[in-house]
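Visitor: build me a structure from this.
(one chain, ligands or ions: 2)
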Amino acid sequence: MPLAVTPGEPAGIGPDLVLKQAMNALDRPMFAIADPDLLRDRARQLELSVEIAEIADPDHLTAHTAGVLPVWPVKLRAPSEAGKLDPANAPYVLDTLDAAIDLALNHRAALVTGPVHKGVINEAGIPFTGHTEYLEQKSGVEQVVMMLATEGLRVALVTTHLPLADVPAAITPERLKRVTAVLHASLQRDFGCAEPHILVAGLNPHAGEGGHLGREEIEVIEPALAELRALGWDLEGPLPADTLFQPHYLDRADAVLAMYHDQGLPVLKYKGFGAAVNITLGLPFIRTSVDHGTALDLAGTGRASDTSLGVALRTAADMAFYRSTTHA
Ligand SMILES: NC(=O)c1ccc[n+]([C@@H]2O[C@H](COP(=O)([O-])OP(=O)(O)OC[C@H]3O[C@@H](n4cnc5c(N)ncnc54)[C@H](O)[C@@H]3O)[C@@H](O)[C@H]2O)c1
Ligand SMILES: N[C@H](C(=O)O)[C@H](O)COP(=O)(O)O
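Guide: Numbering: from 1, shown residues only. Ligands and ions are numbered 1, 2, ... in the order given. Okay, the predicted model is just below:
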């Protein structure tokens, strides 16, 4: 199965990184879903000699040729300049995603996404909080989970892109159980963890300090974990988030479940920014992504690092291989 790559925001670094990766010898075929002229222009700007080869069908792609980027064409809505956002191209970004989702749902590709600019999509009048939520909605599954991974650490999130003030109310026993179930199943299915050991963070400082610094641990998290432990699952917590990210806990853990975005991701990115991958668990197809944003300051300069895109491509390829060999 080939890897379908959406470069994301056309004014960002996504197109640069896909072109850079196309120069490499990749062990699985890759194609971009994008405007071929955007990629030709960006290749010229970066002085990268990549041949843009338009395709009508990704099914015949059997191997990657270094220096050639097959492209499933989707037209820009307006001319795009590196570093300059234009809300007119927000629908283009979603067009590329929709084309990719359609292919992935039909088992014709695994999806690897470049960074989109959530703000400019909203400025265009389109409500959009992130790929994760968009993919959940488009594929009709009840619950997906955002997990970022780097060497030695996996961090999954109970809540994703929502204002901090809305986080406590969003952490319900039902959500916690659904998210933990998706994480548990994915660790078994895709990462070879037969009996996943999951560290669960508390929500409040010191995991609520016995109820003196917040009651969500006592009233929501502990009862939900007790129900899941009755299934035989190896869940440790709720643990104070400030002390759980240390070898004493991490050495025997398969993943950390953080309650919200900025509880878990700063630690993960401090450890592995540029060498991490964002994986959406619970979809009916494989989706990985980069660990960074659109970096408008670097678009078209050649100074953006493509290492995280490399990790995202390898992770998607490894997951596809693992699933094909384990018939998962
Ligand atoms: N996968 C995604 O779609 C994704 C992920 C994160 C952020 N975003 C979006 O990106 C936009 C900008 O976000 P931000 O400014 O917080 O984060 P950012 O990752 O774009 O930039 C943060 C800093 O890291 C640097 N940087 C980022 N990627 C780099 C790379 N590949 N090589 C070298 N340096 C790099 C940037 O130059 C900047 O200094 C926001 O709209 C955000 O929502 C998208
Ligand atoms: N939360 C992600 C991160 O910090 O890297 C990022 O915003 C991308 O999220 P989506 O994959 O949902 O767009």
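Visitor: now the strands for the stretch 101-250 of the chain?
Guide: 110-113, 145-150, 153-157, 197-201, 234-239 (DSSP state E, counting those that start in this stretch).
Visitor: is any part of the shortest one close to ligand 2?
Guide: Read that as strand 110-113. No: using C-beta under 6 Å from any ligand atom, strand 110-113 stays clear of ligand 2, with a minimum separation of 6.6 Å. Every C-beta, even on glycine, is put in place using the N, C-alpha and C of the backbone.
Visitor: alongside ligand 1, which residues does the protein contribute?
Guide: So the chain meets ligand 1 at 8, 13, 115-119, 131, 278, 289-290, 292-295, 297-298, 304-305 (C-beta under 6 Å from any ligand atom).
Visitor: buried subset of those residues, written for PyMOL?
Guide: A single PyMOL command selects the buried members of the residues of the chain next to ligand 1 (16 or more other C-beta atoms under 10 Å):
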select buried, resi 8+13+115+116+117+118+131+278+289+290+292+294+295+298+304+305
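Visitor: so which of the residues of the chain next to ligand 1 sit within helices?
Guide: In this view, those that belong to helices under DSSP state H are 118-119, 131.
Visitor: quick test: name the residue nearest the centre of this structure.
Guide: Compute the mean C-alpha point of the chain, and by C-alpha atoms, centre = their mean the closest residue is N278, 3.1 Å away.
Visitor: so that one is in contact with V290, correct?
Guide: Yes: with contact defined as C-beta atoms under 8 Å, N278 reaches V290; the gap is 6.8 Å.
Visitor: find residues that contact each of these two.
Guide: A312 (C-beta atoms under 8 Å, 6 or more residues apart in numbering).
Visitor: one step back: residues in contact with the residue nearest to the centre of the chain?
Guide: 146-148, 288-291, 312.
Visitor: try 10 Å this time
Guide: Counting by C-beta atoms under 10 Å, 6 or more residues apart in numbering, N278 touches 113, 115, 130-132, 146-149, 265, 268, 287-292, 308, 311-312, 315.
Visitor: quick one, grab the pLDDT at the residue in the chain that ligand 1 sits nearest to.
Guide: Ligand 1 sits closest to G293 of the chain, with a gap of 2.3 Å, by C-beta to the nearest ligand atom. For G293, the model assigns a pLDDT of 97.
Visitor: then D27?
Guide: 88.
Visitor: coming back round to it: what subset of the contacts of N278 is buried?
Guide: Buried among the contacts of N278 (16+ other C-beta under 10 Å): 113, 115, 130-132, 146-149, 265, 268, 287-292, 308, 311-312, 315.
Visitor: now F191. Nearest residue, chain neighbours left out?
Guide: D254 (7.2 Å; C-beta to C-beta, 6 or more residues apart in numbering).
Visitor: that neighbour contacts D190, correct?
Guide: No: assessed by C-beta atoms under 10 Å, D254 is found out of contact with D190, at 11.5 Å.
Visitor: give me the number of residues near M259?
Guide: Using other C-beta atoms under 10 Å, M259 has 26 other residues around it.
Visitor: contacting residues for it?
Guide: For M259, the contact set (C-beta under 10 Å, 6+ apart) comprises 157-159, 167-168, 170-171, 176, 179, 200-204, 216-217, 220-221, 238, 241.
Visitor: could you rerun that using 8 Å?
Guide: 157-159, 167, 171, 201-203, 241.
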